[in-house]
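A.B. asks: Dropping the sequence and predicted coords here.
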Amino acid sequence: MVHLSVSPSPPLSPQWYPEVNHFCKEVPIVVVGCKTDLRKDKSLVKKLRKNGLEPVTYHRGQEMARAVGAVAYLECSALLQENVHAVFQEAAEVALSSR
């Protein structure tokens, strides 16, 4: 699993991908957008917009996942306990089906 914050930290960096691809060629990648609760944080969104930034959208997360050949893109918020179980369920299913 590769995690990224949906608040605009640096975008999913392709720097890690060649190394993962080299050492783990047959391992499927699941990208997880974390901290989705921050999209609803009005003060954070306001600060981001002041700097010309915005939270990563679900669609953008999917695009980033496709760009690295991920088999799935999921989102969750540990703070709000939203979709956390589904993320680990999907990761387990992907891991077991790739054997």
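C.D. replies: Cool, got the structure. Residues are numbered from 1 along each chain as shown.
A.B. asks: tell me which residues in the lengthiest helix in the chain are buried?
C.D. replies: The residue-count maximum for a helix in the chain (DSSP state H) belongs to helix 84-97. For helix 84-97, the neighbour count (16 or more other CB atoms under 10 Å) marks 84, 87, 90-91, 94 as buried. C-betas here are computed from N, CA, C, even on glycine.
A.B. asks: where are the low-confidence patches of the chain?
C.D. replies: By pLDDT under 70, the low-scoring segments of the chain are 9-14.
A.B. asks: Run through the strands of it in chain order.
C.D. replies: Secondary structure of the chain (DSSP state E): strands located at 2-5, 30-34, 72-75.
A.B. asks: what would those look like in a markdown table with mean neighbour count?
C.D. replies: Output for these, formatted as a markdown table (neighbours: other CB atoms under 10 Å):
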| stretch | mean neighbour count |
| --- | --- |
| strand 2-5 | 16 |
| strand 30-34 | 22 |
| strand 72-75 | 20 |
